[in-house]
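1. take this sequence and fold it.
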Amino acid sequence: MIALSSDISLSPSAAERVAAIAAKQGHPAILRLSVDGGGCSGFQYRFGFADAADDDDAIAETDGVRLVVDSVSLDLVRGAQVTYVESLGGAAFRVENPVAASGCGCGSSFSI
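-> Predicted coordinates for the structure are as follows:
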């Protein structure tokens, strides 16, 4: 049985986009969010598809699509929501992170 986490969430628009990409590429509908050191603000978000959740992952599920975050990254994104935004500048997954003190203009890195 999967233990769902209330520490992170995946918006319906992000779930819809993950499902579409996963179906097209033949992957399970599991989006992994991780945080690495670097980027222009200190930490950088990384997105990728996962084949399965790891034992230490926090898992959020929306419309059958899972968002997984490892335990180390979770401390830096606790309470965050992953959304999918389309604008004139392009389309991207965004992290609305309440832990971040500041971020860069492109939204891919942050500081605490």
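
2. please enumerate the strands of the protein.
-> For the chain, the strands defined by DSSP state E cover 8-10, 30-38, 42-49, 58-62, 65-69, 80-87, 90-96, 102-103, 109-111.

3. nearest to residue 23, of these?
-> Evaluated over the strands of the chain, closeness to residue 23 peaks at strand 65-69, with 10.6 Å, by C-beta to C-beta. Where C-beta positions appear, they are placed from N, C-alpha and C, glycine not excepted.

4. just checking, what packs against that closest one?
-> strand 8-10, helix 12-25, strand 30-38, strand 58-62 (3 or more C-beta pairs under 8 Å, 6 or more residues apart in numbering; DSSP states H and E).

5. deepest-packed of the ones you listed, please.
-> When the helices and strands packed on strand 65-69 are scored by mean count of other C-beta atoms under 10 Å, the highest mean neighbour count falls to strand 8-10 (a mean of 22).

6. for it, which strands pair with it and how are they oriented?
-> Its sheet considered, strand 8-10 pairs with strand 80-87 (parallel) by DSSP bridges.

7. compute the inter-axis angle for the partner strand and strand 30-38.
-> Put simply, strand 80-87 runs at 100 degrees to strand 30-38, going by axes from the mean of the first three to the mean of the last three C-alpha atoms, to 10 degrees.

8. bridged to residue 35, which residues?
-> Going by DSSP bridges, residue 35 is paired in beta bridges with residue 45.

9. same question for residue 82.
-> residue 10, residue 95.

10. residue contacts, it?
-> For residue 82, the contact set (C-beta atoms under 8 Å, 6 or more residues apart in numbering) comprises 8, 9, 10, 11, 14, 31, 33, 67, 93, 94, 95, 96.
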